[in-house]
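Q: Attaching a predicted model along with its sequence, questions to come.
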Amino acid sequence: MKALRPSWLNEDCPTWCVREHREQDRPDDRYHFSEASTVPVIAFAELSVDVAASMHGLDLVVWVGRYLGETLEWVVIEPARERDPHLILSVESAGFLRDKIGEQLSRTGRDSGEVGK
């Protein structure tokens, strides 16, 4: 938080919060969020027999959030230019997903450190 502290902000921001909280923020918009990471991916719109034909480039953004006054932190994975589809996972669930993706990648003969190289 860089500007004057809004009257409703009764807690310190987490170290990862980059949001500029404003006095006029609506109650349902009072949450902390991190800087987003953008991940270019190849995705497909629907599962079909010819998956390759439906593949297209897509930028995903990944960020962390937490509502004011709560302890539950969540990870959001969503398209950069569209609202849906998106996943909102608890931090613990995101860790489990990361581990399972690593397991699946190892079946291809690559580990997660080799992907994208």
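A: Received it, and whenever you're ready, just let me know what you need. Numbers count the residues shown, from 1 in each chain.

Q: How about the secondary structure of the residue located most distally from the centre of the chain?
A: Distance to the chain centre peaks in the chain at V49, reaching 29.5 Å (criterion: CA atoms, centre = their mean). The assignment at V49 comes out as coil when based on DSSP: H, G, I helix; E, B strand; the rest coil.

Q: repeat for G95
A: For G95, the assignment made with three-state DSSP gives helix.

Q: What score does it have for pLDDT?
A: At G95, the pLDDT value in this model is 94.

Q: Please apply the same query to the one 4 residues further on.
A: pLDDT, D99: 93.

Q: And whatever helix or strand it lives in, what's buried?
A: For D99, the host element (DSSP states H and E) is helix 91-107. Across helix 91-107, burial judged by 16 or more other CB atoms under 10 Å covers A94. From N, CA and C alone the C-beta is placed, and that goes for glycine too.

Q: Kindly report the same for stretch 9-20.
A: L9, C13, C17, R19.

Q: Just the closest of these to R98, please.
A: C17 (21.9 Å; CB to CB).

Q: Now the closest one, what are its backbone angles?
A: Here is the backbone geometry of C17 (degrees, to the nearest 10): phi -70, psi 130.

Q: That one contacts S34, doesn't it?
A: Yes: under the criterion of CB atoms under 8 Å, C17 makes contact with S34 at 6.8 Å.

Q: Quick check: closest non-adjacent residue to F44.
A: Sequence neighbours aside, S54 is the residue nearest to F44 in space, at 4.3 Å (criterion: CB to CB, 6 or more residues apart in numbering).

Q: How many residues are close by the one you found?
A: By the criterion of other CB atoms under 10 Å, S54 has 13 neighbours.

Q: can you start the count at 37 instead of 1 from here on
A: Right, with 37 as the first residue, what we last looked at is S90.

Q: what sits against it?
A: F80, A81, E82, S84 (CB atoms under 8 Å, 6 or more residues apart in numbering).

Q: Now with 6 Å, please.
A: F80, A81, S84 (CB atoms under 6 Å, 6 or more residues apart in numbering).
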